[in-house]
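**Student:** With the input below, show me the fold.
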Amino acid sequence: MNLTIRQLEVLVAAADAGTFSAAAERLGISQPALSETIRRLEAETGLRLFDRTTRSLALSADGRHAVSIAREVVRNFRASLASIADRSQGRRGRITLAALPSIACALLPRALRGFRREFAGIDVAVHDVLHERAVAFVADGIADLALTTRPHLTRLGRLDELEFEELGADELRLVCPKRHPLARQSQVAWRELAAYPFVAMARTSSVRRMTDAAFINSETAVDPAYEVEQIPSAAALVAAGLGVTALPALTLAMFRGQGLVTRPLVRPTMRRPVGLVRLAGRAPAESARRLIAHLRDSFAQMG
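**Tutor:** Numbering: from 1, shown residues only. Purely as a prediction, here's the structure:
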């Protein structure tokens, strides 16, 4: 059996109109053409679809069943075409974003609010994962974008497949209680941290690599009093008066209101590039381009 969508549309129109002449006028075709389409449908299906008299046209029992199926097929076909058009014009679809949690909490809320106003029909799935996993998600095709720090070839072997768009730099800052002696200073040198218990991030984290590099650069030996996996845990220990820590400025959104203050850390000043990772040589869809634009704006407003 070889039926076309057009034949099913003609069948539905004939059933709805009640006469072949009215159906033909509605479809913009001649009555003989419509009658021939119905004849071919009946020949193809082996069913008598209409009971014809000189005065009336009525669906047969088989015709009523066929029309109900045809109506559903036509409706689904039109909905599918509309969905394709919506996706091509950025009105419908899904974007998957992998994001470093410490960056996501600072940039995503504002960016997604703006994006939602513009593209209410686009679903955004967010995977808040650590840096190397976020980059791997993009390389493996799981995510469209990764919001993270710049990938490094020493840890990731497929950088030629990726491109990185830098949004800006995220600077490490001292985090300490409001009444801590270092809170009285406008800026703090890394060497000064050696006098206080230091709460360090786990050795596998990108933040730990930055703090270790800063201590080496300032020729300061610091043996961490505590090591934690998560940034909120470090902030909680500092808020409890158990030490001080150094965290990227964007992470401060994760622990506002805990009685903590931040101060610039100098000699050296440590910054990490923050931006978007995507597959190289592939133009993003219109909706993805707009999400990228909102992320750029969100980072700009953080300054």
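**Student:** C-alpha from now on. contacts and neighbour counts both.
**Tutor:** OK.
**Student:** nearest spatial neighbour of L174, skipping sequence neighbours?
**Tutor:** A246 (4.5 Å; C-alpha to C-alpha, 6 or more residues apart in numbering).
**Student:** wait, isn't that neighbour in contact with V175?
**Tutor:** Yes - A246 lies in contact with V175 (C-alpha atoms under 8 Å); the separation is 5.8 Å.
**Student:** Against A66, how distant is R39?
**Tutor:** Going from R39 to A66 by C-alpha to C-alpha, to the nearest Å gives 14 Å.
**Student:** quick one: which of those two has more around it?
**Tutor:** A66 (18 against 14; other C-alpha atoms under 10 Å).
**Student:** what's the helix or strand for the more buried one?
**Tutor:** Using DSSP states H and E, A66 maps to helix 61-88.
**Student:** Can you tell me the SS state at the residue nearest to L174?
**Tutor:** Secondary structure of A246, reduced to three states by DSSP: H, G, I helix; E, B strand; the rest coil: strand.
**Student:** That one - how many residues pack around it?
**Tutor:** 27.
**Student:** Could you check the pLDDT of it?
**Tutor:** A246 is assigned 97 on the pLDDT scale.
**Student:** show me what contacts it?
**Tutor:** 172-175, 200, 211 (C-alpha atoms under 8 Å, 6 or more residues apart in numbering).
**Student:** Okay, and which of the residues you listed map to helices?
**Tutor:** In helices, judged by DSSP state H, the following of the contacts of A246 are found: T211.
**Student:** and the contacts of A246 as JSON lines, adding pLDDT, neighbour count and distance to L242?
**Tutor:** Listed next are the contacts of A246 as JSON lines, based on pLDDT from 0 to 100; neighbours: other C-alpha atoms under 10 Å; distance: C-alpha to C-alpha, whole Å:
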{"residue": "L172", "pLDDT": "96", "neighbour count": "26", "distance to L242": "20"}
{"residue": "R173", "pLDDT": "96", "neighbour count": "25", "distance to L242": "18"}
{"residue": "L174", "pLDDT": "97", "neighbour count": "23", "distance to L242": "14"}
{"residue": "V175", "pLDDT": "97", "neighbour count": "28", "distance to L242": "12"}
{"residue": "A200", "pLDDT": "97", "neighbour count": "26", "distance to L242": "12"}
{"residue": "T211", "pLDDT": "96", "neighbour count": "19", "distance to L242": "18"}
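**Student:** Which of the contacts of A246 sits closest to A288?
**Tutor:** L172 (29.7 Å; C-alpha to C-alpha).
**Student:** Roughly how far does that closest one sit from H131?
**Tutor:** For L172, the distance to H131 - C-alpha to C-alpha - is 17 Å.
**Student:** give me the number of residues near D62?
**Tutor:** So D62, with other C-alpha under 10 Å, has 12 neighbours.
**Student:** Which residue comes closest to it once chain neighbours are left out?
**Tutor:** Closest to D62 by C-alpha to C-alpha, 6+ apart is L49, at 5.9 Å.
**Student:** Look up phi and psi at the one you found.
**Tutor:** phi -90, psi -30 (degrees, to the nearest 10).
**Student:** Wait, it touches S60, no?
**Tutor:** Yes - using C-alpha under 8 Å, L49 is in contact with S60, at 5.4 Å.
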